[in-house]
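In: mind looking at a prediction? Sequence and model below.
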Amino acid sequence: MRRKLVAGNWKMHGSLADNEALLGAILSGLHDVKADVAVCVPFPYLAQAKARLAGSRVAWGAQNVSQYARGAYTGEVSAAMLNDFECRYVIVGHSERRTLFGETDAVVAEKYAAAQTAGLIPILCVGETLEEREAGVTEAVVSRQLDAILARSGVISLANAVIAYEPVWAIGTGRTATPEQAQAVHAFIRAKIRALDAEVAEHLIIQYGGSVKAANAAELFAQPDIDGGLIGGASLNAEEFLAICRAA
Ligand code: 13P
């Protein structure tokens, strides 16, 4: 049986004061949560996350990482730097990075490799746009995004990674994929990996992300290939986030 992982992606939200309250409320509401829980915070708040969460059940991580180890890359943050803050996870290839900041499949594959080299667990985001879904190329797009990783790091790298299926049209739109729509893509991803390595596929955590709320989490997480969620907006509200964690 795979464990479920619920991770909050705070995106570019938060302040020292707000985070203090949010993390405190999450920590005090974990009693009937069985899933693994994590929060991915903006870089400046990693020290706060570490100070507040060390020794607790809640892991923390970052939302992006440089593909480079060090050097003249103004504004970038390396995987080794994330290690200094004891991050467990780092999101790579989020659709907002791909579409707003021009990250290609090749760049995402380099970031994924850099994270793993440093011992971090990449949460690799894949997913299609609305146009791609309507054109019937969802599987081709997700496949292409995965192939870049497989070519760079091999299937065995997925033994130390998490995949998040996040249909772009469901992110921040209030329009969640139906459990059946999400399950179909999750099953496709697992089958693709299974064809290369059955053991890796069996243990691979595949999260769903895109307008997950307390109200729809349980039916999504009940699907056989949905192993938790990557939660944006709803992760900024402790009660809502905890309810999602409880549903997993
Ligand atoms: P929302 O939950 O706000 O739709 O965001 C999903 C997401 O992008 C998580 O990475």
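Out: Arrived safely, thanks for sending.

In: neighbours of E180, how many?
Out: 9 (other Cβ atoms under 10 Å). Where C-beta positions appear, they are placed from N, C-alpha and C, glycine not excepted.

In: quick one: it is in a helix?
Out: Yes: E180: assigned to a helix according to DSSP: H, G, I helix; E, B strand; the rest coil.

In: looking at it now. What's its pLDDT?
Out: Looking at E180, its pLDDT stands at 98.

In: so how far is the ligand from it?
Out: E180 sits at a distance of 19 Å from the ligand (criterion: Cβ to the nearest ligand atom, to the nearest Å).

In: what mean pLDDT does the helix or strand containing G229 have?
Out: Here G229 sits within strand 228-231, counting by DSSP states H and E. Strand 228-231 carries an average pLDDT of 98.

In: go on, stretch 37-55?
Out: The average pLDDT for stretch 37-55 rounds to 98.

In: and stretch 67-79, by the same measure?
Out: Stretch 67-79 comes out at a mean pLDDT of 98.

In: report the contact partners of the residue of the chain found nearest the ligand.
Out: Closest residue of the chain to the ligand, Cβ to the nearest ligand atom: G232 (2.2 Å). When contacts are counted by Cβ atoms under 8 Å, 6 or more residues apart in numbering, G232 touches 8-9, 11, 171-172, 209.

In: D36 too?
Out: Contact analysis of D36 by Cβ under 8 Å, 6+ apart lists 3-6, 57, 59, 228.

In: beta partners of it?
Out: For D36, the residues forming beta bridges with it (DSSP bridges) are L5.

In: around the ligand, pick out the residues from the protein.
Out: 9, 94, 166, 171-172, 209-212, 230-234 (Cβ under 6 Å from any ligand atom).

In: mind running it again at 8 Å?
Out: For the chain, the contact set with the ligand under Cβ under 8 Å from any ligand atom comprises 9, 11, 40, 91, 94-96, 125, 164, 166, 170-174, 209-213, 230-235.

In: of those, select the buried ones using a PyMOL command.
Out: Buried residues among the residues of the chain next to the ligand (16 or more other Cβ atoms under 10 Å), as a PyMOL selection:
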select buried, resi 9+11+40+91+94+95+96+125+164+166+170+171+209+210+211+212+213+230+231+232+233+234+235
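
In: looking at the residues of the chain next to the ligand, which are in helices?
Out: Taking DSSP state H as the definition of helices, the residues of the chain next to the ligand contribute 95-96.

In: flag every buried residue along stretch 211-231.
Out: 211-214, 216-217, 220-221, 223, 225-231.

In: end to end on it, go ahead and measure it.
Out: Length of stretch 211-231, first residue to last, Cα to Cα, to the nearest Å: 7 Å.

In: same deal with stretch 1-13?
Out: 34 Å.

In: and stretch 84-97, average pLDDT?
Out: 98.

In: in that stretch, which residues are buried?
Out: Quick answer for stretch 84-97 (16+ other Cβ under 10 Å): 85, 87-97.

In: which residues does the residue most central in space within the chain bridge with?
Out: Taking Cα atoms, centre = their mean, the centroid of the chain lies closest to I123, which sits 4.2 Å from it. On the basis of DSSP bridges, I123 is bridged to I91, V162.

In: list the contacts of it.
Out: So I123 contacts 7, 40, 61, 89-92, 161-164, 207, 230 (Cβ under 8 Å, 6+ apart).

In: for it, give its distance to A164.
Out: Using Cβ to Cβ, to the nearest Å, I123 is found at 5 Å from A164.
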